[in-house]
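Engineer: Starting from these lines, generate the structure:
(chains A, B, C and D)
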There are 2 protein chains.
Amino acid sequence: MKTKKKLSPKQERMLEFIRGFMAENGLPPTVRDIQYACGISSTSVVDYNLRLLQRDGFLRRRPDVARGIELLDKEGRSAGFLPQIPVMGYIAAGEPLPGPSNDGWTQEPIETVELPRHMADSKKNLYALRVKGTSMIDALIDDGDLVLVEPTHDVRNGDMTVAWLKLEQEATLKRIYREGSRVRLQPANSQMEPIYTDASNVETRGRVVAVLRTL
Amino acid sequence: MKTKKKLSPKQERMLEFIRGFMAENGLPPTVRDIQYACGISSTSVVDYNLRLLQRDGFLRRRPDVARGIELLDKEGRSAGFLPQIPVMGYIAAGEPLPGPSNDGWTQEPIETVELPRHMADSKKNLYALRVKGTSMIDALIDDGDLVLVEPTHDVRNGDMTVAWLKLEQEATLKRIYREGSRVRLQPANSQMEPIYTDASNVETRGRVVAVLRTL
DNA sequence: CTTGCCCTAGAACATAAGTTCAAAGGTGAA
DNA sequence: TTCACCTTTGAACTTATGTTCTAGGGCAAG
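Structural biologist: Numbering: from 1, shown residues only, chains lettered A, B, ... in the order given. Predicted coordinates:
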């Protein structure tokens, strides 16, 4: 997407500075920070141009709030801090691993990651699991990959799901297919056999919405 | 990693609030924001506990700066804003695509993404490309995935690289193998043939360091 | 009990930082 | 020129916000 509106050189410079300042300092600049950095003679000029930038949708200002500048991206969403996604543990993609408590991964996260905004969506309460094993290799998920999970019980046939086997007290990462009163948990690895079990024995803990891999 | 030091319930709550506030509002809270949110009776109590939290390495404070709180992660690094990584265009993982200018992807990014900090490393000047085609399918990279590229000429045999074919004026994503004066560009797809070309015709534009996929 | 230490109170203070105003300068259209 | 309209100035004003101070409460060790 191109620039949504032509800006004066001064406004370009201000935006550029604000972005840099936030990346460097972790908080928005003050009006006077902008003034000095951009060589502007008066705070009122900064205020004036901030007003214009706000009018044109590049940022939002909170009245009477120190450093109350919020940058907006092209879609008008806030470009501020990212949610920290907890990595709640390991998920067996090979043999099922004993899952922690009966209530999912309610304990301490083993680490946390920040996510690209287009993956995050703070409303969804995502969490992450690190994959052990290669049962999902044909779905392009490798051992060590991080899978992002949206906790929901509303999964459809074929969705990649975190499945909790009640009897076995184990969790596993598989594609799910409901077949009558039975459930088929299908690994994406041609060398592995699906797991069949009674529908009442399976609790879907979530659906995989993204994959991250560091080489 | 466990908690690096035991905190009072009040301090736990303060940290929790600060994190939430920053994620929600895009800037750090004021002392009084913390006071009201955590039901603390006096700003001086907040100040006192902030001092302790700083002493114990959970945050840093900038003196005399409004909202000058900076959260630190377990490694003591700033947990502030993330670098915006530009997505410079598409990379052919099937047939080579005509690459843009002769100087790599120097034009406008088609979009930008924010990255998990452990992937980012602001020093490395990373950029991203969106994958077209399925030539790297066996390397678990699918059509539509986002590959993170570290711009470097220092690539080793077998590295997944962004290769620029000078004669053809095309760029492609392949594993690279130098074989004498010749170079083999190997797709990770058993149904595709490698590309052989003279070493002088290949310029390595970078090395893939991470993969992101949204389902 | 007394002492020391950690924590809490409440207020006051100092200043960082957003906002406003009246006047003037620039510029292009009519 | 004259008239709009946008932009700049410099200063003053208001208040949001960090900081400091003094006093006191709670509690465990001695």
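
Engineer: domains in chain A, as residue ranges please.
Structural biologist: A:9-71, A:84-212 (automatic domain parsing).

Engineer: which one of the ones you listed lies closest to DNA strand C?
Structural biologist: domain A:9-71 (3.2 Å; CB to the nearest atom of the strand). Yep, even glycine has a C-beta here, placed from its N, CA and C like the rest.

Engineer: So is that closest one next to DNA strand D?
Structural biologist: Yes. Using CB under 7 Å from any atom of the strand, domain A:9-71 reaches DNA strand D at A:10, A:40-45, A:48-49, A:52, A:64-66, A:68.

Engineer: could you give the mean pLDDT of that domain?
Structural biologist: Averaged across domain A:9-71, pLDDT comes to 90.

Engineer: What segments of chain A are strands?
Structural biologist: For chain A, the strands defined by DSSP state E occupy A:59-61, A:69-71, A:84-92, A:97-98, A:111-114, A:127-132, A:146-150, A:160-165, A:170-179, A:182-186, A:195-198, A:202-214.

Engineer: Tabulate the residues of domain A:9-71 next to DNA strand D (JSON lines), appending distance to B:Ile18 and neighbour count.
Structural biologist: Formatted as JSON lines, these follow (distance: CB to CB, whole Å; neighbours: other CB atoms under 10 Å in any protein chain shown):
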{"residue": "A:Lys10", "distance to B:Ile18": "34", "neighbour count": "15"}
{"residue": "A:Ile40", "distance to B:Ile18": "32", "neighbour count": "19"}
{"residue": "A:Ser41", "distance to B:Ile18": "36", "neighbour count": "8"}
{"residue": "A:Ser42", "distance to B:Ile18": "34", "neighbour count": "9"}
{"residue": "A:Thr43", "distance to B:Ile18": "29", "neighbour count": "13"}
{"residue": "A:Ser44", "distance to B:Ile18": "33", "neighbour count": "11"}
{"residue": "A:Val45", "distance to B:Ile18": "33", "neighbour count": "15"}
{"residue": "A:Tyr48", "distance to B:Ile18": "33", "neighbour count": "12"}
{"residue": "A:Asn49", "distance to B:Ile18": "31", "neighbour count": "20"}
{"residue": "A:Leu52", "distance to B:Ile18": "32", "neighbour count": "15"}
{"residue": "A:Asp64", "distance to B:Ile18": "21", "neighbour count": "6"}
{"residue": "A:Val65", "distance to B:Ile18": "16", "neighbour count": "15"}
{"residue": "A:Ala66", "distance to B:Ile18": "16", "neighbour count": "15"}
{"residue": "A:Gly68", "distance to B:Ile18": "17", "neighbour count": "19"}
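
Engineer: and those, which of them are in helices?
Structural biologist: Among these, DSSP state H puts A:Lys10, A:Thr43, A:Ser44, A:Val45, A:Tyr48, A:Asn49, A:Leu52 in helices.

Engineer: which of those sit farthest apart?
Structural biologist: A:Thr43 and A:Leu52 (15.1 Å; CB to CB).

Engineer: what's the most buried one of the domains of chain A?
Structural biologist: For those, average neighbour numbers computed from mean count of other CB atoms under 10 Å in any protein chain shown are highest in domain A:84-212, which has a mean of 18.

Engineer: Looks like A:Leu173 contacts A:Thr134 (just checking).
Structural biologist: No. A:Leu173 is beyond contact range of A:Thr134, at 10.9 Å (criterion: CB atoms under 8 Å).

Engineer: Distance of the closest residue to A:Asp159 other than its chain neighbours relative to A:Thr161?
Structural biologist: Among residues not flanking A:Asp159 along the chain, A:Arg207 sits closest, at 5.2 Å (CB to CB, 6 or more residues apart in numbering or on different chains). Between A:Arg207 and A:Thr161 the computed distance is 6 Å (CB to CB, to the nearest Å).

Engineer: circling back: contacts only, for the residue nearest to A:Asp159.
Structural biologist: The neighbourhood of A:Arg207, defined by CB atoms under 8 Å, 6 or more residues apart in numbering or on different chains, consists of A:Val149, A:Glu150, A:Thr152, A:Val155, A:Asp159, A:Met160, A:Thr161, A:Val162.

Engineer: and it, bridged to which residues?
Structural biologist: A:Glu150, A:Thr161 (DSSP bridges).

Engineer: just the one 4 residues further on next, same as before
Structural biologist: For A:Val211, the beta-bridge assignment (DSSP bridges) gives partners A:Val147, B:Arg213.

Engineer: could you measure it against DNA strand D, distance?
Structural biologist: 39 Å (CB to the nearest atom of the strand, to the nearest Å).

Engineer: which one of the residues of domain A:9-71 next to DNA strand D sits closest to chain B?
Structural biologist: Distance to chain B, by CB to the nearest CB, is smallest for A:Ala66 among the residues of domain A:9-71 next to DNA strand D, at 3.6 Å.

Engineer: For the residue of chain A positioned farthest from its centre, which non-adjacent residue is spatially closest?
Structural biologist: Ranking residues of chain A by C-alpha distance from their mean position (CA atoms, centre = their mean) puts A:Ser41 at the top, at 41.4 Å. Closest residue to A:Ser41 apart from its sequence neighbours, by CB to CB, 6+ apart: A:Gln35 at 7.9 Å.

Engineer: Am I right that the one you found is in contact with A:Thr43?
Structural biologist: Yes. A:Gln35 is within contact range of A:Thr43, at 5.6 Å (criterion: CB under 8 Å).

Engineer: State the distance from the residue farthest from the centre of chain A to B:Ser200.
Structural biologist: Using CB to CB, we find A:Ser41 at a distance of 56 Å from B:Ser200.

Engineer: And A:Leu52, by the same measure?
Structural biologist: When distance is defined by CB to CB, A:Leu52 is 53 Å away from B:Ser200.

Engineer: What of A:Val209?
Structural biologist: Distance from A:Val209 to B:Ser200, by CB to CB: 45 Å.

Engineer: on that earlier part again, among the contacts of A:Arg207, which one lies nearest to B:Arg213?
Structural biologist: Using CB to CB, these come closest to B:Arg213 at A:Met160, 11.4 Å.

Engineer: which ones are touching the closest one?
Structural biologist: A:Met160 sits next to A:Met136, A:Ala139, A:Ile141, A:Val147, A:Leu173, A:Lys174, A:Arg175, A:Arg207, A:Val208, B:Leu215 when contact means CB under 8 Å, 6+ apart.

Engineer: Up against DNA strand C, what does chain A have?
Structural biologist: So chain A meets DNA strand C at A:30-33, A:43-44, A:47, A:61, A:63-68 (CB under 7 Å from any atom of the strand).

Engineer: and with 10 Å instead?
Structural biologist: Within chain A, the positions near DNA strand C by CB under 10 Å from any atom of the strand are A:27-35, A:42-48, A:50-51, A:54, A:61-69.

Engineer: Great, nothing more from me.
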